[in-house]
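# Please work out how this folds:
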Amino acid sequence: MPRSRVDATVAALLDDTWIDEPSGVDFRGRLRERVNREHEVHRPIAERQIGGRLVASLDAPVAWAAGPAGTLTMLDMHAAPDPTEAVALGRVGGWHDPRIDRVLAHLDDRERAVAMAYAEGGDGMTWRLAAAAAGVDPKFATRVQTKLQREGRKLRERLNAAAGTVTR
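Model (predicted):
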């Protein structure tokens, strides 16, 4: 008998709701129902299925050949809900995410200067102001913003493909 089933049986028997049960109720049938309910709670996540496929833990390490970023987990492989530029803002404060470096590696020096000016600019910074601060034409800012979004999207697609998931 699996350990989760034993734990479910113990939990069902120790449950206080037995006190309120009327006498004469089919004990075995009620116990079986309670054990089945408790078993769902005690069953490890790795044994669960959704749509006929096993559920994997987000903390599970993922093997991939995308560079020397170290061991990544499923959680690392899934894209952040924030747009690329919002993640880039977090980098300046000392927070480090290897995905940011991978996106910034696709920018040339002028584009990187605009992106870093935007990231370091604070709340009132716009892409046009960042371009001006970097010493380039303000119209160049649209190109940098679009390229960052495109490179972030491409990285997210590659990471999701490596993790075997589908995104929209």
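# tally of neighbours for Arg112?
Neighbourhood size, Arg112 [other CB atoms under 10 Å]: 15. In this view, the C-beta of every residue, glycine as well, is placed from N, C-alpha and C.
# Check Asp20 too.
Using other CB under 10 Å, Asp20 has 6 other residues around it.
# Let me see the contact set for it.
For Asp20, no contacting residues are found, by CB atoms under 8 Å, 6 or more residues apart in numbering.
# Which pLDDT value goes with it?
With respect to pLDDT, Asp20 scores 76.
# quick one, phi/psi of Leu72?
With angles defined as degrees, to the nearest 10, Leu72 sits at phi -110, psi 150.
# Grab the nearest non-local neighbour of it.
Val62 (5.3 Å; CB to CB, 6 or more residues apart in numbering).
# Can you show me the helices along this structure?
Using DSSP state H, the helices of the chain run over residues 3-14, 27-42, 74-77, 84-92, 98-104, 109-120, 127-133, 140-163.
# Any idea which of these has the lowest pLDDT on average?
Taking the mean pLDDT of the helices of the chain, helix 84-92 comes last: a mean of 55.
# can you pull the buried residues of stretch 144-158?
Within stretch 144-158, the residues scored as buried using 16 or more other CB atoms under 10 Å are 144-145, 147-148, 151-152, 155-156.
# That should have said stretch 134-144, apologies.
For stretch 134-144, by 16+ other CB under 10 Å, it's 134, 136, 140-141, 143-144.
# Likewise for stretch 5-21?
The neighbour-count check on stretch 5-21 (16+ other CB under 10 Å) flags 7-9, 11-12 as buried.
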